[in-house]
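[1] curious how this folds, go ahead:
(chains A and B)
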2 protein chains.
Amino acid sequence: MSKDVDSSLPWLEAITWDEKGLLNTIAQDAETGDILMVAWMNKESLLLSLEKGEAIYWSRSRNRLWHKGEESGNTQQIVDIRLDCDGDVLLLKVRQTGGIACHTGRKSCFYLGLDQQTGHWQAIDPVLKDPKELYEK
Amino acid sequence: MSKDVDSSLPWLEAITWDEKGLLNTIAQDAETGDILMVAWMNKESLLLSLEKGEAIYWSRSRNRLWHKGEESGNTQQIVDIRLDCDGDVLLLKVRQTGGIACHTGRKSCFYLGLDQQTGHWQAIDPVLKDPKELYEK
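    Here you go, the predicted structure:
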């Protein structure tokens, strides 16, 4: 069993960062409960997120801070923030601007369902907006 | 931007495992939408989960397969399975036996809310069952 959060510590010190200094972070739609996406935060991005009230992640592929919606305008306003029992996963309940969290133009990144008949992942949720419209401005 | 899932590949090959061969996995209550916990799967645990229809994770702390509920009886029946756009996070929608996913006896592991006045994490959700009753049988 993992070590539980030591809630006598100030909140930032109570977090368990991974070996790369990152924190597994889930964004959940505060109204519908849909899980929108999973991304990573480092200490700087977490502090900035709290300061601005919007989700700012650490992009592992681009190796830089990533203010969600910086290109598309689809920012995430933080409504509630939760930590799990062993302090290594963060949950943000957010209001998703534009109703689109995924770069494919869908509400959620979890749009692939397993089709056990074909043995392939199938896109289940609809594209709400052409990604070209989201990113090529 | 990460590489999107290649859905022409069979489902198992389309998954992007991390450098340790693990897949970030979220369990969400299929009825309430509550996020119950986050854990990891390796290929073996994912195949076993699908075979049994119950969540079987890979415990990084114990370095072994972990059939969720094996001690407490609080198993998770898989209702739906989703993958995210870049194929490196799995979402299980589950029926949580006993209504308790957390080893602290709470419904969800995400019971810690940030108290900005005190600067500490505070347990917000109630303990539904004494953990001693869950594990000392």
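
[2] stretch A:54-74 and chain B, any residue contact?
    Yes. Shown here: stretch A:54-74 in contact with chain B (C-beta under 8 Å from any C-beta of the partner chain) through A:Ser61. Every residue, glycine included, has its C-beta placed from N, CA and C.

[3] how long is that stretch from one end to the other?
    11 Å (C-alpha to C-alpha, to the nearest Å).

[4] to the chain's geometric centre, what's the distance from it?
    Average the C-alpha atoms of stretch A:54-74, do the same for its chain, and the two points are 10 Å apart (C-alpha atoms, centre = their mean, to the nearest Å).

[5] which non-adjacent residue is nearest A:Leu22?
    In space, and not counting its chain neighbours, A:Leu22 is closest to A:Trp40: 4.4 Å by C-beta to C-beta, 6 or more residues apart in numbering or on different chains.

[6] just want the angle from the strand or helix carrying the one you found to strand B:35-41.
    Secondary-structure assignment from DSSP states H and E places A:Trp40 in strand A:35-41. An angle of 60 degrees separates the directions of strand A:35-41 and strand B:35-41 when computed by axes from the mean of the first three to the mean of the last three C-alpha atoms, to 10 degrees.

[7] report the distance from strand A:35-41 to the chain centre.
    Chain-centre distance of strand A:35-41: 2 Å, with C-alpha atoms, centre = their mean.

[8] outside of the helix or strand just after it, which residues touch it?
    If you walk from strand A:35-41 toward the C-terminus, the next helix or strand you reach (DSSP H and E) is helix A:43-52. By C-beta atoms under 8 Å, 6 or more residues apart in numbering or on different chains, the residues outside helix A:43-52 that reach it are A:12, A:15, A:17, A:21, A:23, A:41, A:55-58, A:65-66, A:78, A:81, A:90, A:92.

[9] helix or strand right after helix A:43-52?
    Downstream of helix A:43-52, the next assigned helix or strand under DSSP H and E is strand A:56-59.

[10] pull the number of nearby residues for the spatially closest residue to A:Glu71 that is not a sequence neighbour.
    The spatial neighbour of A:Glu71 that comes closest, neighbours along the chain excluded (C-beta to C-beta, 6+ apart), is A:Tyr135 at 5.5 Å. The number of residues packed near A:Tyr135 is 12, by other C-beta atoms under 10 Å in any protein chain shown.

[11] ok, A:Asp115 next?
    Neighbour count of A:Asp115, defined by other C-beta under 10 Å: 13.

[12] show me the contacts for it.
    Applying C-beta under 8 Å, 6+ apart to A:Asp115 gives the contacts A:121-122, B:11.

[13] at 6 Å what do you get?
    With contact set as C-beta atoms under 6 Å, 6 or more residues apart in numbering or on different chains, A:Asp115 has these partners: A:Gln122.

[14] ok, the one 4 residues further on next?
    The neighbours of A:Gly119, taking C-beta under 6 Å, 6+ apart as the test, are B:10-11.

[15] distance of it relative to A:Leu36?
    To A:Leu36, A:Gly119 is 27 Å away according to C-beta to C-beta, to the nearest Å.

[16] before we move on, what about A:Gly113?
    According to C-beta to C-beta, A:Gly113 stands 16 Å off from A:Leu36.

[17] likewise for A:Cys102?
    Relative to A:Leu36, A:Cys102 is positioned 8 Å away (criterion: C-beta to C-beta).

[18] now A:Asn42
    Taken as C-beta to C-beta, the span from A:Asn42 to A:Leu36 is 20 Å.

[19] more crowded one of these two?
    Shown here are A:Asn42 and A:Leu36; by other C-beta under 10 Å, A:Leu36 has more neighbours (27 against 19).

[20] how many residues are close by A:Ile100?
    A:Ile100 is flanked by 22 other residues according to other C-beta under 10 Å.

[21] list the contacts of it.
    Applying C-beta under 6 Å, 6+ apart, we find A:Ile100 in contact with A:74, A:107, A:128-129.
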